[in-house]
Structure formats: C-alpha cells, structure tokens
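> could you work out the structure for the sequence below:
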Amino acid sequence: MALTDEVKQQIQQGYRDVLAGKDIRARYGQRLMIAEIARYMADITDNDGQRTSPPATCVVEAGTGTGKTLAYLIAAIPVAKALGKTLVISTATVALQDQIVLKDLPDLRKHSKLDFSWTLAKGRGRYLCMSRLESKLHDEGHGDNESMSLFLLDQPVDDEAASRVTFEKMLATYGSREWDGDRDHWPEQIPDDIWRQVTTDHRQCTNRHCAYFDSCAFFDARKDLDEADVVVANHDLVLADLALGGGAILPEPENALFIFDEAHHLPEKALNHFAASVPLNSTRQWLKQLSQALVKMQPWLPGGSQAVKAVEKISTSGRDLDIALGRVYEEVEQNTGWDFNEERRSAQWRYPDGELPDALAELAAETRIVTAGLVRHLGTLADELQSAFDERKDPELDRDTADAWYPVIGSFHSRAEEQLRLWAAWCEPSAATPADTEKKAAPAVRKGPPPARWAVRQRWDHAEDIALFSSPVLADNLLYSRLWSRAYGAVLTSATLTALGRFDRLRSRAGLPEASRYLVVPSSFRYAEMATVEVPAMPALPTDDGFGEALIKRLPDLWAGEKATLVLFTSRRQMQLVRDALAPDYPELILTQDDMAKNEVLRQHCSRVDAGKPSVLFGVASFAEGIDLPGKYLHHVVITRLPFSVPDDPIEASLAEWVTQRGGNPFMEITVPDASIKLVQAVGRLLRTEQDTGRVTILDRRIVARRYGQLLLDALPPFRRIIEY
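Numbers count the residues shown, from 1 in each chain. Here you go, the predicted structure:
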C-alpha cells in the first residue's frame, strides 16, 4: 500500500503528542526506526487484502536507549489499522510482554490521539483450569471416586497439606475476582508440580462442554483476541500456532503484521519448538499407568460399545509398544560407544550426519508404526468420550463418565502424540530438511544440514534411562515456510542482531527472505566518554589449569572501591567454586544468581547499594542478558571468560560437521559470531541510560592473544580501551 498522507500524519502527530505528553525529547535513532518501519510497510503491495509483493522482513538493530518499543508501536499501529490487519507483537520474555501491556501501550494511548485496543495472548498452560481445581479439592480425602484417577495426570507433590492450602486460596481469590487465573499474576511463584495439577492443555479441555466454560480464565482472556487491534504474545505461542497451521490461536499469518522484539531468540526458540524426545524407560512406566487407567475405566463403559473396542485396541497397542521400546533400549544400550561423565552420571552419543545404524533405524521404523496405532486408538476413545457432551446425539456413554475420563485420556493422547513426533523425525531420510516434508512448502526451499539425532544415558542411585532426541539444526526452512512466506509483514528488532558487525548469522539461521531490509540504528550513547573496556594482565588463560586460582586472586582487587559489580561466568561450577573460595573472606558482599529467585537477588543487591554498602553479583548466561541495573546499581562488569558455546552441544556439533563438509571453518563461521553476540549482550549490562558511566573488565586474554580476539573486540561498542601487555 502507498503510505497515505492520512496515515503519515497519524504517525507524525502521534509521535509529537507522546513527546509533549511525557515531556521527553525526540531521539535521532527512534525517528530513524519509525521511518524505516513505516517505509517497509508502505512497500508491501496487496490485492484484496492478500500480499502480492515478495516475502520480506524489516530487521532493525537498536541498542539500549533507542526507545524501540515506542518506535515500532507508533509506526505500526496506524499502518496495521489502515490495512485492516492485526498487529501481533511477540517477545521472548514475560517481563517485556508485561511491560508492553501494562506500561507502553497504555502510555501511548494516553498521550496520543491514536485509537486502538489491545489484548494479551498466552498459552492455555498459563491459566487456571477450574474443573481441575475443583476435582483436586473434591477428590483429596475422598477415596471413593474411582473414575477420576488424578494420579495418572499428576506426579504426587511432597507436601499434600500445603498444596491443598494453595488450592483453597486459588479457589477463593478466583471466585472473588481478586485473581484472574493467570499464573504470572499470582503473588508468589507457584511450583511446577503444584501448577501442573490445576492447568490443562487442548487435549484435556472439554471447551464449551465444561461446566466452568462461562467462568474459564483461559477463554475469558481469549474473548478480546478477535476484536483487538494489537495482540501481545510471545515467541513460543507464535511458534505453537504455526505448528498447528497458523490461525489456530493467533490471527492467520496472512492477516497479521508481526513485530518480533528480542528477535535474536527466535531461531533458537524455533529449534526448541520443533525438537522431539522420548525417554525409553520412563515411557514404559507411563504405559503401565495407561494400562492401570484402562482397567479402572472399563467398569464405566457399556459392554460392546465403541469405547470398549477402542480400549481393547489401546491395550494391545500399549503392550506392543512396550516390547518395541524394550528392543530399542537394548540396541542403544549395547551398541553405543558410551563415554560416561561420572560427575553428571550421564553419557551422550550423537549420530554423525544424523545417520542411524541400520539395526536401530529398523527398530525406529517399527516403533513408529506401533506408536502411530496407539495415537490413533487413543484419539478414537477421546472422540467417543467427547461425543457424550453433545446433547443433540444419543451417545453410548453417560456425561459423568465423559467428564471424569476425558481429561485423563486426553493427557495420554497428548503424550503419545509427542512420542510419535520423535519416531517420525527419526524415520525421516537424514538428507532431508524439515521443509522437504512441508505440506505448505514455500518456493525455493534451500537444502540445509541433516537433523541432529542423539541419545543420552542417565544414571541415578536406583534407576537408569536412555532418552532419544531429534532436532532440526537450522530453523531457516521452518521459519521461511511457516512464517515469512505467509505473513503479511514482519519486523525483527533487538539490541543484538548483528554478529561481528554483520547480519549474515541472523539471515542464515532465521531463513530471512532475499528482499528483506536491514538497519543498524546509531546509538545515542557517547561510549568513549561514558565507559572503558579493560583487559588486564593475567597469569593464565581460561584453557589453563591455573585459571580458577588466578580468578580467585584477581577478583578482590577488581571490586575493591566499587559500589556495584557484576561478575559473569560461563560455567555454574566455576562460579560456585570461586564463590566458595572468596565468600568467607568477604561476608555480606557476594550474591550469586542461584541464592534465590532472580528478582529477589536483584532486590537485595539494590538494597545494599541504597544503604551505601558495596555489593558484588555473580551470574551466568541469564544474568549476561536479562537484567537491568541502571545508574548507581552497576558500575563495573567483569567478564571472566569469552562466552564460547559448550563443545558437546549436539545441535551445534551437527552444524559444525555440516559446515566442515562444505569446506567451511566452523570455529570462524559459528563459534566466534555466536560468542560475539553473547559478549555484546554481557557488555550491554553496563550502560542502561545516557547518564550511566562505568567500566568493563575482560579477564580472558584470548581477546588480545588470538587472531579472532580483534574481531570480538571491534564488535563491542567503541569504549575507550585500556589493555595491559
């Protein structure tokens, strides 16, 4: 569409109004970003609402201080409304999602004349299921309810009395509307083992047939989705929707303009989403639970009914699958070159080029057939139970039986489907890419690396298991065929999208279309005046045995005289060893990110600084990216070693193998660019506002002693450098 004068006027006036309303000045980078996004959207052509221009994305790297959320909201909302498209904003974290919904969007509507509505979209598993909650409270202490074998759905919790108190509190606060049923809005953190018992998934939910449908937290939250101009989601939910074909949860990609904030996470999230796994012994235990459930269920089913026939077929399939899994376990256990890590009590084996040995491939094919049969028969039984909810029919089953057993069978069905994904992935020819089997395969699908396939053997005190895994190695074809080729438009933004100053890494890993446009927004920070990057002399490199001792000796000198220091490690074990060595001599100084919940660690750190006391934070990867400590709360970031990937990651190893086979250098093409992004993110903790100052110290001398070090150093912001030789 051509950007009409009316839409241009709305964007410009909206920006002026927000600046005036909030009494803030225009930022050059922010104006640049608004213009780039508006121009990109104006270049999209369509016919009768369907995009006719080639697939393209708009990629904007904008550092801290740009005000990128306001920039993309101001640019995209008027355009999306003019086009009649839904604006879907997707983040990687709940924190940013909440900030956009609770602060940024209300702020924009308050200070501008833009008229728009918004809603928050989360997956079903974030919401309370009243039916499950009621069953938990009803069944505890009532042993006569044989039909609803809740133990089949939940692992028992350690403290039943404490969980019952929590459940009663949930019922009271939800009933009085003090709580909306959203897990993220509960005042305390809810442990996973408790939450699992009172939420549900699409296979267990009876939707409109549920007695609590009219007061359902999930469906209440979803009511506004179809009418809202702006939907705020997260990457996982977008990917889940795409896996279901698109349009199942969120608007169809063809009718949506997407903004992916924290977009550097998207390729990795896509890999996680389309990976699959099966723990062999755990699955055999699960099959025993299924068998027990069927025995308990049988008396409730009318003789000769379709449900009884389905139960018989499920029983047969379950026994066949148990035998098949036993054979697979024996084959993998005996014919794999396991090399145990005694400390972790585990061993990992990756199949080179994704090629399975012939005997294992044959067993995988057999197991796939049996699992597919189990999925089919469980689906039939679930359909029979669901038919009992339809009052227009004359079902064979009564409603009470369906109410009690539908969630149980739905849970088994869902688990069996997950298992089938692994066996299907293991039976794909290894030379194929995920997109080769796409039903909606996009044009010009590029051949990529074969899938990564691996096995992990784990030992405990009284048990052992082998888990099998499969994952795509690159998400390029998945994202291109399911998202970029279908979306009306998409903007990707983050503070770190380039690696070593280029967009090549993101382009290849995310499969971005050829016609995409790229912009790096210049920072408003005066880096050389605000901070230094220092590389002091060190007696050892991180690859030397004495590096841990060198850290223990050096760190106290580095934090001496500082009020607020963040020390970043690449290994939890090394962080704990250094903490254990130093903490006795420095009581009340060191906080590690493992001491308590992340927010509480940060709160205690800030309280110490507010009280005029020094504070030193120790953290690993998640503290290198996800924390915001402006001003006096952080003045010194110490990076103990360069953030290179763990060498035994099977997906990275498979990618490196593929790059090598194509004549490339995996260290320079994968490892160094990946480390560059992580290093820039870590350094980015220091300066959060234009008033901040401080220093970064890098204790890994490889940044000056190795040839690649100069590339990493040059990719950092242009701080003043102090390097000891």
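> can you show me the strands along the stretch 451-600 of the chain?
In the stretch 451-600 of the chain, the strands defined using DSSP state E, counting those that start in this stretch lie at 452-459, 464-471, 489-494, 517-521, 531-535, 564-568, 590-592.
> mind putting those into CSV with distance to residue 274, mean neighbour count and mean pLDDT?
(Glycine included, C-beta is placed from N, CA and C.) CSV is the format used below for those (distance: least, CB to CB, whole Å; neighbours: other CB atoms under 10 Å; pLDDT from 0 to 100):
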stretch, distance to residue 274, mean neighbour count, mean pLDDT
strand 452-459, 12, 20, 96
strand 464-471, 7, 21, 96
strand 489-494, 19, 26, 97
strand 517-521, 26, 18, 96
strand 531-535, 38, 21, 97
strand 564-568, 30, 24, 97
strand 590-592, 34, 20, 95
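> closest to residue 304 out of those strands?
Shortest distance between residue 304 and the strands of the stretch 451-600 of the chain, using CB to CB, is found for strand 464-471: 39.4 Å.
> tilt between the closest one and strand 452-459?
When axes from the mean of the first three to the mean of the last three CA atoms, to 10 degrees is applied, the directions of strand 464-471 and strand 452-459 differ by 160 degrees.
> returning to what we had before: mind giving me JSON lines with the strands of the stretch 451-600 of the chain and columns for distance to residue 298?
Below are the strands of the stretch 451-600 of the chain laid out as JSON lines (distance: least, CB to CB, whole Å):
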{"stretch": "strand 452-459", "distance to residue 298": "35"}
{"stretch": "strand 464-471", "distance to residue 298": "30"}
{"stretch": "strand 489-494", "distance to residue 298": "51"}
{"stretch": "strand 517-521", "distance to residue 298": "62"}
{"stretch": "strand 531-535", "distance to residue 298": "70"}
{"stretch": "strand 564-568", "distance to residue 298": "58"}
{"stretch": "strand 590-592", "distance to residue 298": "53"}
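> which stretches in the stretch 601-725 of the chain count as strands?
For the stretch 601-725 of the chain, the strands defined by DSSP E, counting those that start in this stretch cover 615-619, 636-639, 694-698, 720-723.
> quickly run through the sheet partners of the last one, with directions.
Strand 720-723 has these partner strands in its sheet, going by DSSP bridges: strand 531-535 (parallel).
> then the first one?
Sheet pairing here is set by DSSP bridges, and for strand 615-619 it gives strand 564-568 (parallel), strand 590-592 (parallel).
> sorry, back to before: can you put the strands of the stretch 601-725 of the chain in JSON lines and add distance to residue 526?
Output for these, formatted as JSON lines (distance: least, CB to CB, whole Å):
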{"stretch": "strand 615-619", "distance to residue 526": "26"}
{"stretch": "strand 636-639", "distance to residue 526": "18"}
{"stretch": "strand 694-698", "distance to residue 526": "13"}
{"stretch": "strand 720-723", "distance to residue 526": "11"}
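> a markdown table for those, including mean neighbour count?
Compiled in a markdown table, the strands of the stretch 601-725 of the chain are given as follows (neighbours: other CB atoms under 10 Å):
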| stretch | mean neighbour count |
| --- | --- |
| strand 615-619 | 25 |
| strand 636-639 | 24 |
| strand 694-698 | 22 |
| strand 720-723 | 13 |
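> for residue 97, which non-adjacent residue is closest in space?
Closest residue to residue 97 apart from its sequence neighbours, by CB to CB, 6 or more residues apart in numbering: residue 91 at 4.8 Å.
> quick check: the one you found vs residue 507, distance?
Between residue 91 and residue 507 the distance is 22 Å, computed by CB to CB, to the nearest Å.
> cool, residue 498 as well?
Counting by CB to CB, the gap from residue 498 to residue 507 is 10 Å.
> give me the more crowded residue out of the two.
The neighbour count for residue 498 versus residue 507, taken as other CB atoms under 10 Å, is higher for residue 498 (21 against 18).
> host element of the closest residue to the more buried one other than its chain neighbours?
Leaving aside its chain neighbours, residue 498 sits nearest to residue 61 (5.6 Å; criterion: CB to CB, 6+ apart). Assigned by DSSP states H and E, residue 61 belongs to strand 57-62.
> for the helix or strand of the chain with the lowest mean pLDDT, packing partners?
Lowest on mean pLDDT, DSSP states H and E among the helices and strands of the chain sits helix 130-139, with a mean of 78. Applying 3 or more CB pairs under 8 Å, 6 or more residues apart in numbering; DSSP states H and E, one finds that helix 130-139 contacts helix 160-175.
> for the helix or strand following the helix it packs on, buried residues please.
Per DSSP H and E, the first helix or strand lying C-terminal to helix 160-175 is helix 192-195. For helix 192-195, a neighbour-count test (16 or more other CB atoms under 10 Å) marks 194, 195 as buried.
> low-confidence stretches in this protein?
Within the chain, the stretches with pLDDT under 70 are 1-2, 139-160, 391-394, 431-446.
> and the helices in the stretch 501-650 of the chain?
Using DSSP state H, counting those that start in this stretch, the helices of the stretch 501-650 of the chain run over 504-510, 527-530, 547-559, 572-582, 598-610, 621-625, 650-661.
> next, format those helices as TSV and append distance to residue 202.
Below are the helices of the stretch 501-650 of the chain laid out as TSV (distance: least, CB to CB, whole Å):
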stretch	distance to residue 202
helix 504-510	28
helix 527-530	49
helix 547-559	49
helix 572-582	36
helix 598-610	30
helix 621-625	30
helix 650-661	28
